[in-house]
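# Need a 3D model of the following:
(chains A and B)
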Amino acid sequence: MSELLSLDFMRQALVAAVLVGLAAPLVGAFLVQRRMSLIGDGIGHVALAGVAVGILTGSMPVVTALLAAVAAAVAVEVIRATGRTSGDIALAVMFYGGIALGVVLISRSSATTPANLTAYLFGAILTTSRSDIVVFAGLATVVVTVTLVLRQRFFAVASDEEYATAVGLPVRGYNVALSVLTAVTVVVSMRVVGLLLITALMIIPNASAQLVSRSFRSSLAWASLIGLASSVSGVVLSFYAETPSGGTIVLIAIGVFLALSLASALARRVRRASHARAERHDHEHGPRCGHLAIAHDGHVDYLHDGHRHAAHDDHWDDHGDAGRDDHRHGDDRQLGDDHRHGDDEARGRHTVDDERTEEATR
Amino acid sequence: MSMSSAHDTAHAAPPLVELRSASFGYGDRVVVDRVSLEQRAGEVVALLGPNGSGKSTLVKGLLGLSEHLGGEVLLFGTPIERFRDKPRIGYVPQRHSLSQTVRATVREVVATGRLALRPWWRPAAAVDATTVERALEAVGLADRAGEDVAALSGGQQRRVLIARALAAGPDLLIMDEPTAGVDAANQRVLADVLAGLVDTGTSMLVVTHELDAFRDVVTRIVCMDRGHVDFDGDPAAYATGHRSHERGSGHHHSPDDTREAGLAAVVSDPLPTREENR
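Numbering: from 1, shown residues only, chains lettered A, B, ... in the order given. Here you go, the predicted structure:
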């Protein structure tokens, strides 16, 4: 490792890997939420046209790629906002027009070789210049900061656009902002993972994070952590194994996802086998349900006909007889629920009313 | 401009909502046609009517989600075009409309109700957190605050959306079909929650098919049919006078209506059960 860090270009590569590993999954989380996972790929296609223009005109390809990508990102939101079915076709024309133009322009340039094109498409961090790294670092810092500051608003808009509009949030503005952040992330990542692979680093760490987290907040943290780990270890591995950095990083991210999927499937099976469900329940326990509430191991049990009932997802778990102190989690199923009406009357409700409502909804 | 000159001067505050032959729709299509209506503070209005009668379009018009195509619309005395204080109107959408593509806890969803009240750069403060907890308590979900929203039942998710609206401390709560698709147990809880809100003085405008769940809290009933209001009065007047207007009388039947018979009618039409219980 010290040998690695003594190399100037490896130090630069690792800095870039850290930034990209953090930024890509953060932005990607909201794309996953909006079911627009593949939009980064399309923007990457257009960015290639920008790269080609930069190479041909002798200006910095990073800058021209950024301009092309941001323009594409704004166009995506404008097309999406019109809500036309032809919008899908318009996106296809734009994305494939971009990559086709990029390939043709790059082939006309005397300054480049096919290897150069591959470097942009699949990532070649080790050939990235110092000035590029400085630009990338600046942009990545902006992306991470803006995403973190706006994360609750992006979350609100993506989870319920209609509600966000109704309460007066500038929905269009946040959507354009997210799209532009996606474009910047694509360009920042193009030398590390490449334009064709960047979407993988935006999406796959989020897929993994969904498996291990319960809240949106923690899934963002997990996705960044997994993205960072995949990206840094991918760069290190590609140095020793002499493989392209982009492909290596993405394969590691996929490996993490498969391992976590397997582990969470096993964990679910174990959990399912080890807990008992209460009888089918037409009644919901809560602070006002009238059943005695007992704090138990970080959750609340409700004393229902001598059994402790605890909320678990959409059903009730039976945490054992109230008389006993060992809360058996074994096969403690019980059948029938003959006390219900008396119980309801005791809580001052009209049994007749209840039955009518049930009938009406049946 | 002055409201008090045109309206009864006994009320110092302007109505929450005032429509003067207002039309709403989408694009060129007028769905709500020249409706006049007003709702004052403290009123709990049930907006009834068959599918396609324009009740959802009307409330969406108040929220800026459908287009205002004519007439005057005043919210808290301000013309809707100049109304900027949108969080004063809490909105509970029709279906559970939350994206389920990512994990999110009940508390995280409810907390989004506070966002419109502060500038984008300001993080949540202590008052935001306590208001969110109070909203969760008001809908009886305080003990499930840390759970994944997707794990809750349909009725519970509806209450999450109510809590989200309450978190902004609205002066008027607009609910679009809050009981649709909610099972009996949850309808009872929902009715309790709404009764609790009425006790604290919340004004509500509830679009619904199922008056039963709201019978104890509704102070006024407005009926719509084909974009017009065809009844506006208190629940007693509705029960005696307007029932004949509804399905079954043959009054408003069109070939479309007859196709809706069967299960859909049993589920969505409150009238047969109401008659049984009188």
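# from the stretch 51-200 of chain B, which residue is nearest to chain A?
B:K86 (3.3 Å; Cβ to the nearest Cβ). Any C-beta I mention is one placed from the backbone N, CA and C, and that applies to glycine too.
# my read: that residue touches A:P170, true?
No: B:K86 is beyond contact range of A:P170, at 11.2 Å (criterion: Cβ atoms under 8 Å).
# who's more crowded, these two?
Using other Cβ atoms under 10 Å in any protein chain shown, the more surrounded residue of B:K86 and A:P170 is B:K86, with 19 against 15.
# need the contact list for the more buried one.
A:A166, A:V167, A:G168, B:L63, B:G64, B:A116 (Cβ atoms under 8 Å, 6 or more residues apart in numbering or on different chains).
# Double-check that the fifth one belongs to a strand.
No: note on B:G64: no strand contains this position according to DSSP: H, G, I helix; E, B strand; the rest coil, which reports coil.
# so A:V212 makes contact with A:F257?
No: using Cβ under 8 Å, A:V212 is not in contact with A:F257, being 10.8 Å away.
# So for these two, which sits in the more crowded spot?
A:F257 (21 against 17).
# Which secondary structure state is assigned to the residue of chain A found nearest chain B?
Nearest residue of chain A to chain B, counting by Cβ to the nearest Cβ: A:G168, 3.3 Å away. Secondary structure, three-state DSSP: A:G168 is coil.
# Compute the number of surrounding residues for it.
A:G168, neighbours per other Cβ under 10 Å, totals 19.
# quick one: the residue nearest to it when sequence neighbours are not counted from A:A295, how far?
Residue nearest to A:G168 in three dimensions, not counting chain neighbours: B:K86, with 3.3 Å by Cβ to Cβ, 6 or more residues apart in numbering or on different chains. According to Cβ to Cβ, to the nearest Å, B:K86 and A:A295 sit 40 Å apart.
# Please apply the same query to A:A49.
Taking Cβ to Cβ, one finds A:A49 at 62 Å from A:A295.
# again, but for A:Y302
11 Å.
# So those two - more neighbours on which side?
Using other Cβ under 10 Å as the criterion, A:Y302 and A:A295 rank with A:Y302 on top: 24 against 9.
# So that one belongs to a strand, correct?
Yes: per three-state DSSP, A:Y302 lies within a strand segment.
# ok, it touching A:H296?
No: counting by Cβ under 8 Å, A:Y302 does not reach A:H296; the two are 10.0 Å apart.
# which neighbours do the two share?
Joint contacts of A:Y302 and A:H296 (Cβ under 8 Å, 6+ apart) are A:R308, A:A310.
# so how many other residues sit close to residue 202?
Using chain A here. 30.
# my bad, the chain I had in mind was chain B
With other Cβ under 10 Å as criterion, B:T202 counts 20.
# Then B:V30?
When neighbours are defined as other Cβ under 10 Å, B:V30 has 17 of them.
# Please name the bridge partners of it.
B:G25 (DSSP bridges).
# Just checking stretch A:211-223 against chain B, any contact.
Yes: applying Cβ under 8 Å from any Cβ of the partner chain, one finds stretch A:211-223 touching chain B at A:S213, A:R214, A:S215, A:F216, A:R217, A:S218, A:S219.
# ok, how many other residues are close to the closest residue to the first one other than its chain neighbours?
The shortest distance from A:S213 to any residue that is not its chain neighbour, by Cβ to Cβ, 6+ apart, is 4.0 Å, and that residue is A:S219. Counted with other Cβ under 10 Å, the burial measure for A:S219 works out to 25 neighbours.
# Can you show me the helices along chain A?
Here chain A has its helices, by DSSP state H, at A:2-6, A:8-33, A:39-57, A:61-82, A:87-108, A:114-122, A:130-159, A:161-166, A:171-189, A:198-212, A:216-241, A:245-273, A:340-346, A:351-361.
# now the chain, which segments are flagged as low pLDDT?
As the question left the chain open, I've gone with chain A. A:1, A:111-115, A:278-284, A:286-290, A:297-298, A:313-316, A:321-362 (pLDDT under 70).
# wrong one, I was asking about chain B
Within chain B, the stretches with pLDDT under 70 are B:1-12, B:95-99, B:242-278.
# Do a quick rundown of the strands in it.
B:17-26, B:29-39, B:44-48, B:67-75, B:78-79, B:89-92, B:172-176, B:203-207, B:220-225, B:228-233 (DSSP state E).
# Using CSV, write out every CA atom in the third one.
Taking only C-alpha atoms (Å, rounded to 0.1, in the frame of the first residue of the first chain), the coordinates of strand B:44-48 have been written out as CSV:
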residue,chain,number,x,y,z
VAL,B,44,-66.3,20.3,8.3
VAL,B,45,-67.6,19.9,4.8
ALA,B,46,-68.2,16.6,3.1
LEU,B,47,-68.1,16.9,-0.7
LEU,B,48,-70.1,14.0,-2.2
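# Could you show which parts of the stretch 1-150 of chain B are in contact with chain A?
B:63-65, B:84, B:86-87, B:89, B:91, B:93, B:97-99, B:101-105, B:108-109, B:111-113, B:115-116, B:120-121, B:124, B:137, B:140-144, B:146-148.
# which of those residues count as buried?
B:63-65, B:86-87, B:89, B:91, B:93, B:98, B:101-105, B:108-109, B:111-113, B:115-116, B:137, B:140-144, B:147-148 (16 or more other Cβ atoms under 10 Å in any protein chain shown).
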